[in-house]
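S.K.: I would like to see how this sequence folds:
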Amino acid sequence: RTAYGAAKAERGKDYIEAALATPLSARLVVWRHMLPNCTPPLIVVATVQIANSISLEATLSFLGLGLPVTEPSLGMLISNGFPYMMSGRYWISVYPGVALIILIFAINIVGDQVRDQFNPRLRK
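M.R.: Numbering: from 1, shown residues only. Now for the predicted structure:
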């Protein structure tokens, strides 16, 4: 849906109409003009979905509905340390929680940087 919306928005722009008016083939116009301008929104959506998937898995594992107990998971680590929060051993849950936050934040930052690298409008 995102790819279709981005392609439809790019298709209506003047530079695509101008490129189609030249003797270039439609396939070359798509590969050279439309595809580079449609990839940045797709990269952002993909990285946001990866971060959402990681947080969903951690949430389900925290609730006991995710991976089996034998598989390591940040949500399971947070859940295992939850009973010790008030006993002075808060770090059992806090460190995996901080790691989860840093991981999701890093994925979003990397996605933004990759988008900026592939965005032809930002090139000098």
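
S.K.: Quick one: mean pLDDT over the host helix or strand of residue 17.
M.R.: Using DSSP states H and E, residue 17 sits within helix 14-21. Averaging pLDDT along helix 14-21 gives 88.

S.K.: Identify each buried residue in that helix, please.
M.R.: Of all the residues in helix 14-21, those buried under the rule 16 or more other C-beta atoms under 10 Å are 16, 19. Where you see a C-beta, it was placed from the backbone N, CA and C, and this is true even at glycine.

S.K.: Residues touching that helix, excluding its own?
M.R.: 10, 26, 29, 32-34 (C-beta atoms under 8 Å, 6 or more residues apart in numbering).

S.K.: if we go to 7 Å?
M.R.: 10, 26, 29, 33-34 (C-beta atoms under 7 Å, 6 or more residues apart in numbering).

S.K.: what's the residue of the chain positioned farthest from its centre sitting at in phi/psi?
M.R.: Here the centre of the chain is the reference, and by C-alpha atoms, centre = their mean the most remote residue is residue 23, at 37.8 Å. Note on residue 23: backbone dihedrals following degrees, to the nearest 10 are phi -80, psi 10.
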